[in-house]
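In: After the sequence you'll find the predicted model.
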Amino acid sequence: MRFLSQHICRSATLAGWGELYGRTGYNYIFSGGADDAWADVEDVTEEDGALRSSDTHLFDKVRGYDIKLLRYLSVKYICDLMVENKKVKFGMNVTSSEKVDKAQRYADFTLLSIPYPGCEFFKEYKDRDYMAEGLIFNWKQDYVDAPLSIPDFLTCSLNIDWSQYQSWDLVQQTQNYLKLLLSIINSDDDSGLLVHCISGWDRTPLFISLLRLSLWADGLIHASLKPAEILYLTVAYDWFLFGHMLVDRLSKGEEIFFFCFNFLKHIISEEFSALKTQRRKSLPARDAGFTVEDICMLRRKDRGSTTSLGSDFSLVMESSPGAAGSFTYETVELVPAGAQTQAAWRKSHSSSPQSVLWNRPQSSEDRLFSHQGLVEAKSSSSSSSNHSDNFFRMGSSPLEVPKPRLAALSERETRLQEPPAASATRPAMSLSGASERSVPATKIEITVSCRNLLDLDTFSKSDPMVVLYTQSRASQEWREFGRTEVIDNTLNPDFVRKFVLDYFFEEKQNLRFDVYNVDSKTNISKPQDFLGQAFLALGEVIGGQGSRVERPLTGVPGKKCGTILLTAEELSNCRDIATMQLCANKLDKKDFFGKSDPFLVFYRSNEDGTFTICHKTEVVKNTLNPVWQPFSIPVRALCNGDYDRTVKIDVYDWDRDGSHDFIGEFTTSYRELSKAQNQFTVYEVLNPRKKCKKKKYVNSGTVTLLSFSVDSEFTFVDYIKGGTQLNFTVAIDFTASNGNPLQPTSLHYMSPYQLSAYAMALKAVGEIIQDYDSDKLFPAYGFGAKLPPEGRISHQFPLNNNDEDPNCAGIEGVLESYFQSLRTVQLYGPTYFAPVINQVARAAAKISDGSQYYVLLIITDGVISDMTQTKEAIVSASSLPMSIIIVGVGPAMFEAMEELDGDDVRVSSRGRYAERDIVQFVPFRDYVDRSGNQVLSMARLAKDVLAEIPEQLLSYMRTRDIQPRPPPPANPSPTPAPEQP
């Protein structure tokens, strides 16, 4: 890559004969099995052949070529990314040639060691759901011995504390290394830069790609390329040409390739821009005293070492089974000069897995001067060995020097977001194509009335209509859900048409009600007179007294718009539980040495034609005539309250490796299933593929519904409607492991631009629960801090500094007290949970009539220090009306928290087991949106941590045989004054 007069070069590390033979093996495999991987090497003298028996002699000769080429390219800076001084590869030591240069032949170069994790580390990145924030490399591993070594004159202007590099997470480390490389090429020194590592497959392409894309975003190189074209170029040239084995890496989960393009969102700011520096520089390119032909006319032996894959100057590998996978592109080849030579070259490379592909029309500004020559020169400590003498290019060069077009700094963010958008995104996978949607807790019917509306008609009253909008959780857009009827000539309408909504306790379901005066009775879709609007959450309606709320209408400046009254009613069929038992007869035999091991999978159809899995039966081993155990399922999960909705049932043969064999399927509905209360129902199991192939195919067996019954039970909404209040308490970790709150690396850092992980977790959970607490007063505590003035360590101090009344007014009040405490207390330790759990448990123990249920949210960053006492507290609290949510923030592993969760093994203490599972633990990093959308991150977190609360409340009420109280009488709204005609 050429930037102004500087060359930015890449290479792999010079290796011993173990590496050479390993490379030769790879070339042999990927060249289709040629007998001699060295056969196409021209001009191999007897002297060169003899060198194969002498590593030392060979290395000396190659180092000479390496240094000669680096000087040709005016390269002065060599950056080594290895974390090892030596690496064992193919049974031999592999190291950088400059590190073992005892003769000081690299003394004229400025050497940098900036160790960066290898591709194996990026499996952890994938395992953390592609979240690089908080992911820190383990520098204490035995093989990690390469030091960080950067000359002081290169670091003085960067304002980076390089002594802390081992504490940086993956984002910080990549950002800081990229800043260093950018500062080198942006300095007044016109010398070039070489970046390299072990084999150059992953770390080197990562930083070369980031440099290329960053400079492109500034308009300093490749200015004429569109986003899709720059994406093509960097994928083809920086990754595949250089040997990146995408298929092999993906099979191991080493997602460094994906990280490269996902990381662009972290370098969109001006601090990574070269524009400011370049506006102070002279922009025209200089040839640095040599021409392109000087590089391209080098003899093969002068083009670097012979230790890399013979990539044959390709831009994309066309059909390599181990490299490019199934990537295909339109092609125009890089070919040698001369017609006969070209024909021979094409013949010899017609089946090569690494043929050159690049088919972009060449614009005038893309052309490199007027030279006909290959504009690539790979240095190294590794360049390609199998290049012929002279080449000319048909198409655009990756090393072009276009007419500089300085992009405005405001364009940088947009440009860096475009290449990833032009590529395919990582697909979301789900079993059997079923969508992974939540099952609604129930269906809620909303009744709407209005009082004292504006009167906009001259000779009569308004003719009102209400339009309901719901807000998308992902995009935050408002979408019309439905409309009431129009009621003529009234300011106090009671609408008959209802809105029926799916209700999810764990989600904040925002609603907007717009009221209009309809002037056109024939076309109500045209613009109407606006009478006002109201915003609220569905949970506010359900949590209101008697599930009824009244809100003022707003939106018409200077006018009192009246009020809107909303009443929530749970649809009765959603409280039903269906219990059924099925058996099968003469199912297809799928196992070679035995019969089938059948099980059933139930799917509920969605409105868009997809299916959502809702139940799986147990596996019955080694039989074609299984009888499954009876099971129960909520009717809402089976059909979402629609008795005629399609229910699909698949029959599978279980396999130990998870590749279950499909036997067949059949469809039914809740209404049809319910007929089995009086008679057996038999379904044919059909395999569509067999049915198409075999004319005599009848079926793959039958399934019989033996029994079906329906019972009703009390629901979460019944208790909320009956007046049960959710009392929300917060406990926040103030231990020193969170870091100094004044530093951006702290988990408590109070950024003016975004919420911390603590604040997001608190806001996400609290904003939903507060709808079910009538007084909106929340106790909030901190633990693990030293309190002023005497420095007493406390594990249960009120955030508002009021021991008598720790309540905060609303979630905003909690946040305000939290921020204030960060300014006054000293973060210390250790991490104790038991005191605050016992505090809430004492309050919950006073309630036994079901009128209140307590939810404790603990947000923490680290390892718990009082595990024994905490288990004892949880076991004791499990018999109380109480649930505990623990949210872990930061990079810790949180193994102990999983033990407290109790999903797999019930928590126990001193031989006593918890009566109920009351703890839900989640690591916050699992819910962080990769695009940086905090609203979406909070919605995801709330959805998971609150999903278990309704069932935990119900389990307590059932074990205590507490029935919901009758709904309290709703406060009557003011009787509207008689309307005058």
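Out: On my side now, so go ahead.
In: C-alpha from now on. contacts and neighbour counts both.
Out: Noted.
In: any chance you could map the strands in the stretch 651-800 of the chain?
Out: For the stretch 651-800 of the chain, the strands defined by DSSP state E, counting those that start in this stretch cover 661-669, 681-684, 702-712, 725-733, 777-783, 785-787, 792-794, 797-798.
In: Those strands into JSON lines, with extra columns for distance to D650 and mean neighbour count?
Out: Formatted as JSON lines, those follow (distance: least, C-alpha to C-alpha, whole Å; neighbours: other C-alpha atoms under 10 Å):
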{"stretch": "strand 661-669", "distance to D650": "4", "mean neighbour count": "19"}
{"stretch": "strand 681-684", "distance to D650": "11", "mean neighbour count": "16"}
{"stretch": "strand 702-712", "distance to D650": "11", "mean neighbour count": "18"}
{"stretch": "strand 725-733", "distance to D650": "40", "mean neighbour count": "25"}
{"stretch": "strand 777-783", "distance to D650": "48", "mean neighbour count": "24"}
{"stretch": "strand 785-787", "distance to D650": "56", "mean neighbour count": "22"}
{"stretch": "strand 792-794", "distance to D650": "57", "mean neighbour count": "16"}
{"stretch": "strand 797-798", "distance to D650": "55", "mean neighbour count": "24"}
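In: residues in contact with Y106?
Out: Y106 makes contacts with I67, E98, as judged by C-alpha atoms under 8 Å, 6 or more residues apart in numbering.
In: just to revisit the earlier point, now distance to N807 too, for the strands of the stretch 651-800 of the chain, in a markdown table please.
Out: Converted to a markdown table, these look like this (distance: least, C-alpha to C-alpha, whole Å):
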| stretch | distance to N807 |
| --- | --- |
| strand 661-669 | 50 |
| strand 681-684 | 59 |
| strand 702-712 | 38 |
| strand 725-733 | 9 |
| strand 777-783 | 4 |
| strand 785-787 | 19 |
| strand 792-794 | 18 |
| strand 797-798 | 8 |
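In: Nearest approach to I267 belongs to which of the ones you listed?
Out: Checking these against I267 by C-alpha to C-alpha gives strand 725-733 as the closest, at 31.4 Å.
In: Between strand 777-783 and the closest one, find me the angle.
Out: 20 degrees (axes from the mean of the first three to the mean of the last three C-alpha atoms, to 10 degrees).
In: Please export the C-alpha coordinates of strand 725-733 as CSV.
Out: Only the C-alpha atoms of strand 725-733 are listed here, as CSV (Å, rounded to 0.1, in the frame of the first residue of the first chain):
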residue,chain,number,x,y,z
GLN,A,725,-47.4,-4.5,44.6
LEU,A,726,-43.9,-5.2,43.4
ASN,A,727,-41.4,-3.5,45.8
PHE,A,728,-38.1,-2.9,44.1
THR,A,729,-34.8,-2.6,45.9
VAL,A,730,-31.4,-1.9,44.4
ALA,A,731,-27.9,-2.8,45.7
ILE,A,732,-24.8,-1.6,43.9
ASP,A,733,-21.2,-2.8,44.2
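In: averaged over its residues, what pLDDT does it have?
Out: In this model, strand 725-733 has a mean pLDDT of 94.
In: Next: stretch 765-776.
Out: Stretch 765-776 carries an average pLDDT of 85.
In: Ok, stretch 231-243 next?
Out: pLDDT averaged over stretch 231-243 gives 83.
In: Out of the strands of the stretch 651-800 of the chain, name the one with the poorest average pLDDT.
Out: strand 702-712 (a mean of 90).
In: which neighbours does that one have in its sheet, and in what orientation?
Out: strand 576-585 (antiparallel), strand 681-684 (antiparallel) (DSSP bridges).
In: So which residues make contact with that strand?
Out: Taking C-alpha under 8 Å, 6+ apart as the rule, strand 702-712 contacts 575-587, 673-677, 680-685.
In: one more time with 6 Å
Out: 575-585, 676-677, 680-685 (C-alpha atoms under 6 Å, 6 or more residues apart in numbering).
In: What of stretch 153-169?
Out: Contacts with stretch 153-169, where a contact means C-alpha under 6 Å, 6+ apart, come from G134, L135, I136.
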